[in-house]
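Undergrad: Sequence plus predicted model, see below.
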Amino acid sequence: MEEANIYINAVAGISPQSVFNEGFSQSVIKPSGNRFVCMEPDYDELIDAKLIRRMSRIIKMGTAAALKCLQQANVEIPGGIVMGTAYGCLQDTEIFLKRIIDYKEEMLTPTAFIQSTHNTVGAQIALLLQCHNYNNTFVQSGHSFESALLDGALLLKEDEMNEVLVGAADEITPASHAILERFGLYKKQAGDNGFYNYTSKGTVAGEGACFFLLSNVQGEKNIAKLNGIETFLDVPDEEVENKINQFLAAHHLSINDIDLIIAGRNGDKKNDAVYDMLDKNIFTDKQTINYKHLCGEYPTSSSFALWLALKLVKDAGAAQFLCNQIINRDVKKILIYNHYLHTYHSLLLAGAC
Amino acid sequence: MEKAQLMENLKKQIVAQFNLKKINPEDIGNDQPLFVEGLGLDSIDALELIVLLQQEYKVKLANPEDGPKVFASVSTMADYILKHQPGNANGQ
């Protein structure tokens, strides 16, 4: 994305950490075994009880995060709703598939099917708001959130609207966790030596929902600026350094202009090799923090990384509590680099206004 | 099955099927409307009720236009099941 004035006016998220109501829990919450589970708020405050009964967990998480984000921005109806999800509504999909078997392909009920589609969360947000504006959901595995973010930014850049709600949501269910565990994605045993140790293969499953209100209007509402988004597929580790330098150069920056790196290490040695290489080659004198010990690994985890970046722009001191690191400088420019399964790489550049 | 027992079962199944978390089965009146001003069920729920009837009681709603009368309340549902359930005196 070329340089454009894209501002972030509000952010809200639901994650394994207790972050929904601004504050954090007393201590960083660790995964249960090889799986993180979101800390869900009391949805009744945000969603009508008659509607909530039909919503699965991911729909509630996504809808609540979106509504909270709009509340914080004091926006009733956004110009558009764009979201990304890789897994979609897994719980409803599983219910629907199970009923096909249980009912021998006869008399299937509509609810689980209707709500199993990937765009259900975006649609539910629109229904609750009675928002008839642009509504789109991107399903592109590890680039789902970045694609949504890029779409939102382009809509603002082209002046299609002044404010757009952009977010991502993904859930892990017992069945999907078991399947992905069999693929070798997750550690067989939880590490006692910290999230990023390399005594075993695999990572820890994660989930979450984060929403952002983007705007092309500069003003008092702005809490941060989104300077750039870049995605690339299937590049060898040694190419990533070039990609980062090219990305920064496109925004008239060098690595020296970056105050903080947020990296997508996930505790798997093979996965993290590229981050180690970057630390050695171009992030040498840069402070790097990791985020997946807070949310786990999932295809749209970069939305949590952006959430964390915005928290650190506002309060760099939070890094000590969340990441056990002290940031000794003002955080004006943050570079987020993440890759999912070595295939989906992304760079996000955010910072103070 | 006695109608009272059947209505009790239906109330439990309705609460479970529709995830009515703040309503206990005993809170549902026998003649309380299930739709709109009553329990607040809607047209999608009506389809779920049709499936419930077929799966749990082997009763098919022969004429969809009878739906509003059959699903008016727990009592009317029980009457329909007792009348049409296989093995009952009037069952098909």
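TA: Great, that's in hand.

Undergrad: Quickly find the element holding the closest residue to A:His251 other than its chain neighbours.
TA: Closest residue to A:His251 apart from its sequence neighbours, by Cβ to Cβ, 6 or more residues apart in numbering or on different chains: A:Gly228 at 5.0 Å. Quick note: C-beta positions are derived from backbone N, CA and C, even for glycine. Element membership of A:Gly228, judged by DSSP states H and E, is strand A:224-233.

Undergrad: What does the pLDDT read for A:Val37?
TA: pLDDT, A:Val37: 96.

Undergrad: Hmm, A:Leu349 and the residue nearest to A:His251 touching each other?
TA: Yes: using Cβ atoms under 8 Å, A:Gly228 is in contact with A:Leu349, at 3.9 Å.

Undergrad: Give the residues shared as contacts by these two.
TA: Shared contacts of A:Gly228 and A:Leu349 (Cβ atoms under 8 Å, 6 or more residues apart in numbering or on different chains): A:Phe247, A:His251.

Undergrad: Below-threshold pLDDT in chain A: ranges please.
TA: For chain A, the stretches with pLDDT under 70 are A:1-4, A:22-26, A:190-193.

Undergrad: let's see it at 90
TA: For chain A, the stretches with pLDDT under 90 are A:1-5, A:18-30, A:32-33, A:44-46, A:48-54, A:99, A:102-114, A:188-201, A:285, A:315-330.

Undergrad: what residue lies at the spatial centre of it?
TA: Against the mean C-alpha coordinate of chain A, by Cα atoms, centre = their mean, the closest residue is A:Ser303 at 2.0 Å.

Undergrad: Enumerate every residue touching it.
TA: Shown in contact with A:Ser303 (Cβ under 8 Å, 6+ apart): A:Gly13, A:Gly84, A:Phe145, A:Gly167, A:Ala168, A:Gly208, A:Ala209, A:Cys210, A:Phe212.

Undergrad: Make a markdown table from these and add neighbour count and distance to A:Ile255 to it.
TA: Shown next, in a markdown table, are these (neighbours: other Cβ atoms under 10 Å in any protein chain shown; distance: Cβ to Cβ, whole Å):
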| residue | neighbour count | distance to A:Ile255 |
| --- | --- | --- |
| A:Gly13 | 29 | 28 |
| A:Gly84 | 32 | 28 |
| A:Phe145 | 34 | 24 |
| A:Gly167 | 31 | 29 |
| A:Ala168 | 35 | 27 |
| A:Gly208 | 30 | 29 |
| A:Ala209 | 32 | 32 |
| A:Cys210 | 31 | 26 |
| A:Phe212 | 31 | 25 |
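
Undergrad: Next step: the residues you listed restricted to strands.
TA: In this view, the contacts of A:Ser303 that belong to strands under DSSP state E are A:Gly13, A:Gly84, A:Gly167, A:Ala168, A:Gly208, A:Ala209, A:Cys210, A:Phe212.

Undergrad: Make TSV out of those and add distance to A:Asn290.
TA: Below are these laid out as TSV (distance: Cβ to Cβ, whole Å):
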residue	distance to A:Asn290
A:Gly13	17
A:Gly84	22
A:Gly167	22
A:Ala168	19
A:Gly208	16
A:Ala209	21
A:Cys210	17
A:Phe212	21
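
Undergrad: ok, so of the residues you listed, who is nearest B:Val70?
TA: Among the ones in strands among the contacts of A:Ser303, A:Ala209 lies closest to B:Val70 (Cβ to Cβ), at 39.7 Å.

Undergrad: which residue sits closest to that closest one, ignoring its sequence neighbours?
TA: A:Ala169 (3.7 Å).

Undergrad: quick one: that neighbour and A:Tyr87 touch, right?
TA: No: A:Ala169 is beyond contact range of A:Tyr87, at 9.1 Å (criterion: Cβ under 8 Å).

Undergrad: Between these two, point out the one with more neighbours.
TA: Neighbours of A:Ala169 and A:Tyr87, each counted by other Cβ atoms under 10 Å in any protein chain shown, are more numerous for A:Ala169; the result is 36 against 23.

Undergrad: count of neighbours near B:Lys83?
TA: Neighbourhood size, B:Lys83 [other Cβ under 10 Å]: 14.

Undergrad: Kindly report the same for A:Asp42.
TA: Per other Cβ under 10 Å, the neighbour tally for A:Asp42 reads 9.

Undergrad: And for B:Ile81?
TA: 23.

Undergrad: give the contact list for it.
TA: B:Ile81 touches B:Leu6, B:Leu53, B:Tyr57, B:Val59, counting by Cβ under 8 Å, 6+ apart.

Undergrad: Tell me the predicted confidence for the third one.
TA: pLDDT recorded at B:Tyr57 is 93.

Undergrad: Checking the closest residue in space to it that isn't next to it in sequence next. Helix, strand or coil?
TA: Of all residues not flanking B:Tyr57 in the chain, B:Ile81 sits nearest, at 4.9 Å (Cβ to Cβ, 6+ apart). With DSSP: H, G, I helix; E, B strand; the rest coil as the basis, B:Ile81 sits in helix.

Undergrad: could you check the distance from B:Ile81 over to A:His143?
TA: According to Cβ to Cβ, to the nearest Å, B:Ile81 and A:His143 sit 52 Å apart.

Undergrad: next one: A:Asp268
TA: 20 Å.

Undergrad: One more: A:Gln246?
TA: For A:Gln246, the distance to A:His143 (Cβ to Cβ) stands at 18 Å.

Undergrad: before we move on, what about A:Glu45?
TA: A:Glu45 is 33 Å from A:His143, by Cβ to Cβ.

Undergrad: Those two - which one has more neighbours?
TA: Neighbours were counted for A:Glu45 and for A:His143 using other Cβ under 10 Å; A:His143 has more, 25 against 9.

Undergrad: Which positions in the stretch 101-250 of chain A make contact with chain B?
TA: Within the stretch 101-250 of chain A, the positions adjacent to chain B are A:Tyr103, A:Met107, A:Leu108, A:Thr109, A:Pro110, A:Thr111, A:Ile114 by Cβ under 8 Å from any Cβ of the partner chain.

Undergrad: Show me how to select, in PyMOL, the buried members of those residues.
TA: Here is the PyMOL command that selects the buried residues among those (16 or more other Cβ atoms under 10 Å in any protein chain shown):
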select buried, chain A and resi 109+111
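
Undergrad: farthest pair in the residues of the stretch 101-250 of chain A next to chain B?
TA: A:Tyr103 and A:Ile114 (16.5 Å).

Undergrad: in chain B, which spans are helices?
TA: Assigned by DSSP state H, chain B shows helices spanning B:3-17, B:43-57, B:67-70, B:74-84.

Undergrad: With only the CA atoms kept, save the last one in PDB.
TA: What it means is helix B:74-84. Coordinates of each C-alpha in helix B:74-84 appear next as PDB, following Å, rounded to 0.1, in the frame of the first residue of the first chain:
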ATOM      1  CA  VAL B  74     -46.600 -26.300  24.100                       C
ATOM      2  CA  SER B  75     -50.100 -27.600  24.700                       C
ATOM      3  CA  THR B  76     -51.000 -27.400  20.900                       C
ATOM      4  CA  MET B  77     -47.800 -29.200  20.000                       C
ATOM      5  CA  ALA B  78     -48.500 -31.900  22.500                       C
ATOM      6  CA  ASP B  79     -52.000 -32.400  21.200                       C
ATOM      7  CA  TYR B  80     -50.600 -32.700  17.600                       C
ATOM      8  CA  ILE B  81     -48.000 -35.200  18.600                       C
ATOM      9  CA  LEU B  82     -50.500 -37.300  20.600                       C
ATOM     10  CA  LYS B  83     -52.900 -37.300  17.600                       C
ATOM     11  CA  HIS B  84     -50.300 -38.100  14.900                       C
END
